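1. Any chance you could fold what I've pasted below:
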Amino acid sequence: MCLLTGLTVALLTVPILAKEKPEPVKDRIDAPATGTGLCVHNAFQSNMVIQRDKPIRVWGWAKPGDVVTVSFAGKQGSATTNKEGTWSVTLPSMPANPAPQQMVIKGKAEAVTLDNILLGDIWVLGGQSNMQHPLSRVEEGTVEIASANFPNIRLLTVPPMIGHKEKKNFQRRQNDQQPDGVWEVCSPKTVTEFSAIGYAFGRRIHIALQIPIGLIDASQFGTTVEAWTPLSILRSMDSDAVRAQLANWDKRAAVPWDAQKDLDNRIKQFNQKMAEQAKQGKPLNHKPPADLRPAAIDNQNFPGNCYASMIAPLAGFAVKGAIWHQGFNNSRFDASTFYYQVFPKMIESWRAAFNDSKMPFGIISLCTDGTPQTLGNYDECMMDFGIYVREAQYKVFLDYYKAGDKNIGFASSFDLRRAWYHPQQKLPAGERIARWALATQYGLEKFAFWKPPMITQLEIKDGAIVLHFDSEVGSVDSQAIEGFAIAGEDKKYQPAHAESLVTGKDPKGKPQHNRRILVLDSPYVPKPIHFRYAWGRNPMGNLRIANTNEKDISFPAQRSDNWQVWEVPHLDPLADKGESRGSQDKIREVLKFVDLERRVMDAERTLKTEKSRYEELKKTFK
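-> Below is the predicted model of the structure:
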């Protein structure tokens, strides 16, 4: 029989002749199309959750021609293995059920018994390290760990066995901290190294609905959106940006690879760097590299590799939906075009993999990183490609939403600010996307408002930009609204004064406002034509839904222009369009000058105002 750790396997009473005895199966991991033992796909285990209200497809491998029978919750079905030894049995859909069930898979001479199975909803967690970031390493994580006694939540982490060949199964293995590829009952012990965002999301849904929840973490640190998209889809795209990325990877893959030589070179470079640090008196607290890196074709970011290795093994498995948090490794010069073109292809591919063209898909936008944006460095902070990833994520959401897709979700995370690329405020991000799921997938829209405010109209009027919204908007605690900037034809963005439209005065003489309309202006932009909001990697921006109970529903980062990152004032067109470090430094220097120019103008205006005030007061105190 195949090697499936943790399964209860019982031989039937039918005697097995020596010549019919199955031979040991050495490898049933990648594409177990050969071998003779009864095998069930590793998605099916004791302690798992099976998706409710969808046909239950169970599959695996056995000797060609064998009849395999699956029994579960009073239902039974059979299938005969094909010539490749593959079998598949589909049972009718069943409602949610928190009572533990048993599944028995019987072959010609063997049986596999799976215990403690629940019927509920399964959500896939996708993305890179900020989705993968464990509960043990986030703010308020320890109290969540101590409280994680939810026996009807089940956890599965897909191991990152990355390669370019599409896999039909995943491994079940143990590492030092968390078993990968193993369904586990949620407890303080098992949740420690699980995705913090995923746990917060699943925990909130489980508390609200009281149905079993299965969470499958299929995220991997340091990965790109194209790695999570099938290579065949990418190669079929009519996109210069995509073709350029594929050509670059194909060129790297064509070079003969010597992993040991690569390691030797890295050790040599490491030693040279340590020698330099020793001369400078810097501490030597790093270890030399010791890993053998894979060839480019098996790199985790070779286009399609993460899909082939971590999503394809789950293809055909019924789930409720997916949530996504990624973007750091796509924060590069082509982000504005590339991410916007590839991301919807990735979403469609995932929906196809799970056999659900309308599968719910929730997007958490790229989180913060780096120096906080202020009025002093406002324009300088615009030189960051991660902003364009964040913009593309919101634009993709809007495209689906405006096309009538009722199962697309979005939540901003830029306002959960920390000055590094793994901000530890993960629990609020998980709660935000859970609001979307509760409102749109579980009928709790009266209690869980999620949709960010959207612009319905933009006007240019009397030297200002006027924005109309589909809901009332405001800032937290009635603070001044910040984060908007406006620009004229010179493409010189200046921070804008933003205020709700004044419509009159109340009986006490206080101004009355239309909080569905914002007016943006600046003394330095007499003829504005475009605006940007929260346009920084760690941006200013405090606009929210005005309702007191939804203060954490942020207005997403966005802009009205389509200028590229290198299209800034005082700079001739760049030959490499901002790809090189040198051109990026040039752009940043120009934007620093714009900030300095504004600070000087601010100082002059302040001096003029204060001097006038001083002259008036001087007359009073003579």
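
2. how about the strands in the stretch 51-200 of the chain?
-> 56-61, 67-72, 75-80, 86-91, 97-106, 110-127, 150-157, 184-186 (DSSP state E, counting those that start in this stretch).

3. ranges for the helices of the stretch 451-600 of the chain?
-> 581-620 (DSSP state H, counting those that start in this stretch).

4. pLDDT weak spots in it?
-> Within the stretch 451-600 of the chain, the segments meeting pLDDT under 70 span 548.

5. Which parts of it are strands?
-> 455-461, 464-469, 473-474, 484-487, 494-495, 497-505, 511-521, 530-533, 544-545, 558-559.

6. tell me what the first one is packed against?
-> If I follow you right, that is strand 455-461. With contacts taken as 3 or more CB pairs under 8 Å, 6 or more residues apart in numbering; DSSP states H and E, strand 455-461 sits against strand 464-469. Quick note: C-beta positions are derived from backbone N, CA and C, even for glycine.

7. Just the CA atoms of the strand it packs on, as CSV, please.
-> Provided in CSV are the C-alpha atoms of strand 464-469 (Å, rounded to 0.1, in the frame of the first residue of the first chain):
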residue,chain,number,x,y,z
ALA,A,464,-10.5,72.3,-6.6
ILE,A,465,-11.2,68.6,-7.1
VAL,A,466,-14.6,67.5,-5.9
LEU,A,467,-15.1,63.9,-5.1
HIS,A,468,-18.5,62.3,-4.7
PHE,A,469,-18.8,59.1,-2.6
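
8. okay, stretch 442-458 in PDB with CA atoms only?
-> Provided in PDB are the C-alpha atoms of stretch 442-458 (Å, rounded to 0.1, in the frame of the first residue of the first chain):
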ATOM      1  CA  TYR A 442     -23.200  34.100   5.300                       C
ATOM      2  CA  GLY A 443     -26.100  36.600   5.200                       C
ATOM      3  CA  LEU A 444     -24.900  38.800   8.000                       C
ATOM      4  CA  GLU A 445     -24.800  42.100   6.100                       C
ATOM      5  CA  LYS A 446     -26.900  43.800   8.800                       C
ATOM      6  CA  PHE A 447     -24.200  43.100  11.300                       C
ATOM      7  CA  ALA A 448     -20.900  43.000   9.300                       C
ATOM      8  CA  PHE A 449     -20.400  46.000   7.000                       C
ATOM      9  CA  TRP A 450     -17.300  45.600   4.900                       C
ATOM     10  CA  LYS A 451     -17.400  47.500   1.600                       C
ATOM     11  CA  PRO A 452     -15.000  50.400   1.400                       C
ATOM     12  CA  PRO A 453     -16.300  53.800   0.400                       C
ATOM     13  CA  MET A 454     -16.200  54.300  -3.400                       C
ATOM     14  CA  ILE A 455     -15.900  57.400  -5.600                       C
ATOM     15  CA  THR A 456     -19.000  57.800  -7.900                       C
ATOM     16  CA  GLN A 457     -18.000  61.100  -9.500                       C
ATOM     17  CA  LEU A 458     -15.000  63.400  -9.900                       C
END
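
9. for it, which positions count as buried?
-> Using 16 or more other CB atoms under 10 Å as the test for burial, stretch 442-458 gives Y442, L444, A448, F449, W450, K451, P452, P453, I455.

10. quick check, the fourth one in a helix?
-> By that I understand F449. No. Checked against DSSP: H, G, I helix; E, B strand; the rest coil, F449 lies outside a helix; its state is coil.

11. nearest residue to K54 other than its sequence neighbours?
-> Computed as CB to CB, 6 or more residues apart in numbering, the closest residue to K54 that is not its neighbour in sequence is A318, at 4.3 Å.

12. which residues sit in contact with the one you found?
-> By CB atoms under 8 Å, 6 or more residues apart in numbering, the residues touching A318 are I50, Q51, K54, P55, I56, R57, I122, F354, N355.

13. Just to be sure, the last one is in a helix?
-> No. In this structure, N355 is coil, not part of a helix, as judged by three-state DSSP.

14. Now do it against I216, distance only.
-> Distance, N355 to I216, by CB to CB, to the nearest Å: 15 Å.

15. When the two are compared, which one has more neighbours?
-> I216 (26 against 15; other CB atoms under 10 Å).

16. so that one touches V158, yeah?
-> Yes. With contact defined as CB atoms under 8 Å, I216 and V158 form a contacting pair (6.5 Å).

17. shared neighbours of those two, which are they?
-> L314.

18. For the residue lying closest to L292 once chain neighbours are set aside, grab the count of nearby residues.
-> Nearest non-adjacent residue to L292, counting by CB to CB, 6+ apart: A259, 4.1 Å away. Counted with other CB under 10 Å, the neighbours of A259 add up to 12.

19. got the phi/psi numbers for A259?
-> phi -60, psi -40 (degrees, to the nearest 10).

20. any idea how far it lies from S309?
-> 19 Å.

21. what does M131 give?
-> 16 Å.

22. Also I545?
-> In terms of CB to CB, I545 sits 40 Å off from S309.

23. Show me which of those two is the more surrounded one.
-> Applying other CB under 10 Å to I545 and S309 shows that S309 carries more neighbours, namely 26 against 22.

24. Chain neighbours aside, what residue packs nearest to that one?
-> I162 (4.8 Å).

25. Pull the contacting residues for the one you found.
-> Counted by CB under 8 Å, 6+ apart, I162 has contacts Q220, P294, D298, N299, Q300, N305, C306, S309, M310.

26. swap the cut-off to 6 Å and go again
-> Contacts for I162 (CB atoms under 6 Å, 6 or more residues apart in numbering) come out as Q300, N305, S309.

27. Make CSV from those and add secondary structure to it.
-> Formatted as CSV, the contacts of I162 follow (three-state DSSP):
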residue, secondary structure
Q300, coil
N305, helix
S309, helix
